[in-house]
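Novice: Take this sequence and fold it.
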Amino acid sequence: MNTMDLTLIFLLTAVGLLHILFCYNAMTTKAHISNFKRGVWCGLSLFLGPLGFYLFQNSLPLDTLE
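Specialist: Numbering: from 1, shown residues only. The predicted model follows:
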């Protein structure tokens, strides 16, 4: 393995962990939303990462967030 392979493996692992962390944040949020919406939020966060997390969060009414 050369340096480029190691760099690629490191970056893919870091991006994967980032997506998992945003999914976990969506799952454990204290927002008052239904389980279906929470599942959609988790799915978007898992597949799109921070983009999906913040897109869905911005679509929520402010009174559901604490």
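
Novice: by contact count, what packs against the biggest helix by length in the chain?
Specialist: Using DSSP state H, we find that the single longest helix of the chain is helix 3-27. Where contact means 3 or more CB pairs under 8 Å, 6 or more residues apart in numbering; DSSP states H and E, helix 3-27 is packed against helix 35-48, helix 50-59. The way it works is simple: take the backbone N, C-alpha and C, and place the C-beta from them, glycine included.

Novice: Check which helices and strands the first one sits against.
Specialist: Looking back up the chat, that one is helix 35-48. Partner elements for helix 35-48 (3+ CB pairs under 8 Å, 6+ apart): helix 3-27, helix 50-59.

Novice: Contacts for that helix next, please.
Specialist: Residues from elsewhere that reach helix 35-48, judged by CB atoms under 8 Å, 6 or more residues apart in numbering: 19-20, 22-23, 25-27, 29, 31, 33, 52-53, 55-57.

Novice: just the buried members of these?
Specialist: Buried members of the contacts of helix 35-48, counted by 16 or more other CB atoms under 10 Å: 19, 22-23, 26, 29, 33, 52-53, 56-57.

Novice: would a markdown table of the helices and strands packed on helix 35-48 with distance to residue 42 and mean pLDDT be doable?
Specialist: What follows is the helices and strands packed on helix 35-48, written out as a markdown table (distance: least, CB to CB, whole Å; pLDDT from 0 to 100):
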| stretch | distance to residue 42 | mean pLDDT |
| --- | --- | --- |
| helix 3-27 | 5 | 94 |
| helix 50-59 | 9 | 92 |
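
Novice: and those as CSV, adding distance to residue 40?
Specialist: Compiled in CSV, these are given as follows (distance: least, CB to CB, whole Å):
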stretch, distance to residue 40
helix 3-27, 9
helix 50-59, 7
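
Novice: Tell me how many other residues surround the residue lying closest to residue 19 once chain neighbours are set aside.
Specialist: Nearest non-adjacent residue to residue 19, counting by CB to CB, 6 or more residues apart in numbering: residue 49, 4.4 Å away. For residue 49, the count of nearby residues is 18 (other CB atoms under 10 Å).

Novice: Perfect, that will be all.
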